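In: model this:
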Amino acid sequence: MSKGRYDVVTAQSPQDIQSAQALRALAFGLNTPLDRDPFDASQRHILVRERSGGRLVCCFRIGVFEGADITGSYAAQYYGLDRLAGFDGKMMELGRFCVHPDAADPDIVRIAWAALTEFVDSQGIKLLFGCTSFKGTDPDAFMGSFALLARCHLAPRAWYPAEGADEVLRFADQTGDSVDRKEALQQMPPLLRTYLLMGGWVSDHAVVDRQMNTMHVFTGLEIDAIPENRKRLLRGLV
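Out: Residues are numbered from 1 along each chain as shown. Here you go, the predicted model:
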């Protein structure tokens, strides 16, 4: 896909994947030149490059699962997904989504979502899921966000992700009496806000990932639940 100043391509070589790993390490603030794990070998890597010069400005990876296959996803390391194994339809995991710290053009994220939308439609995906991350491991910085998630955006009981990690932060143990919705939304990762705007939902707890220096929540979005006006906007990007 090409749009404006950018091209979107699927990684075709080990060098392409390595460039994505380097961008991830930079964007996530890791003290290592490359961010890599075993899931890189089995998932598809999508790259957004500047047409002039070829600089990599955004990347993410996707994997498609059906039924019990979801236990082989990245998220299944941290969450019990037995209930989602009963979901009827294809599920797509979106992971390691990041934008170059020096790239501020909003068109970058727009074209990334355009590529995702085209893939979801072409493959008949019914559920989009992944781990969305809050930077750092101090829950006090995000108390309002966690309270809002607990009150308004928890997963349907039928798909509830269970606890599966050694260190978790239960929202029910952290929420206060009042929530400033605007401030709580501003504290959230942009990707999570996007999910919620489209009707997404989250687990009732965050996983504390000290290796990545993040707290992440399982996030799901049922494609059929996305408002029709939002679907038209996304498809209009393609």
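In: Leaving out chain neighbours, which residue sits closest to Arg181?
Out: Among residues not flanking Arg181 along the chain, Leu148 sits closest, at 6.2 Å (Cβ to Cβ, 6 or more residues apart in numbering). In this view, the C-beta of every residue, glycine as well, is placed from N, C-alpha and C.
In: Can you tell me how far that neighbour is from Ala184?
Out: Distance of Leu148 to Ala184, computed by Cβ to Cβ, to the nearest Å: 4 Å.
In: for Asp121, same thing?
Out: 32 Å.
In: Tell me which of the two has more neighbours.
Out: Taking Asp121 and Ala184 together and counting by other Cβ atoms under 10 Å, Ala184 has the greater number of neighbours (19 against 14).
In: Wait, that one touches Ala150, no?
Out: No - between Ala184 and Ala150 there is no contact under Cβ atoms under 8 Å: 10.7 Å.
In: Need the residues touching each of the two.
Out: Both Ala184 and Ala150 lack any common contact, where contact means Cβ atoms under 8 Å, 6 or more residues apart in numbering.
In: and stretch 228-237, average pLDDT?
Out: If you average the pLDDT over stretch 228-237, you get 82.
In: do the same with stretch 125-133
Out: 97.
In: Identify all contacting residues around that stretch.
Out: So stretch 125-133 is contacted by 64, 73-75, 78, 84, 87-95, 97, 116, 119-120, 189, 191-192, 195, 202, 207, 209, 212, 214-224 (Cβ under 8 Å, 6+ apart).
In: 6 Å instead?
Out: For stretch 125-133, contacts defined as Cβ atoms under 6 Å, 6 or more residues apart in numbering pick out 75, 87, 89-95, 189, 191-192, 214, 216-217, 219-223.
In: which among those residues end up buried?
Out: The neighbour-count test (16 or more other Cβ atoms under 10 Å) marks 75, 87, 90-95, 189, 191-192, 214, 216-217, 219-223 as buried among the contacts of stretch 125-133.
In: Since that was my last question, I'll sign off now.
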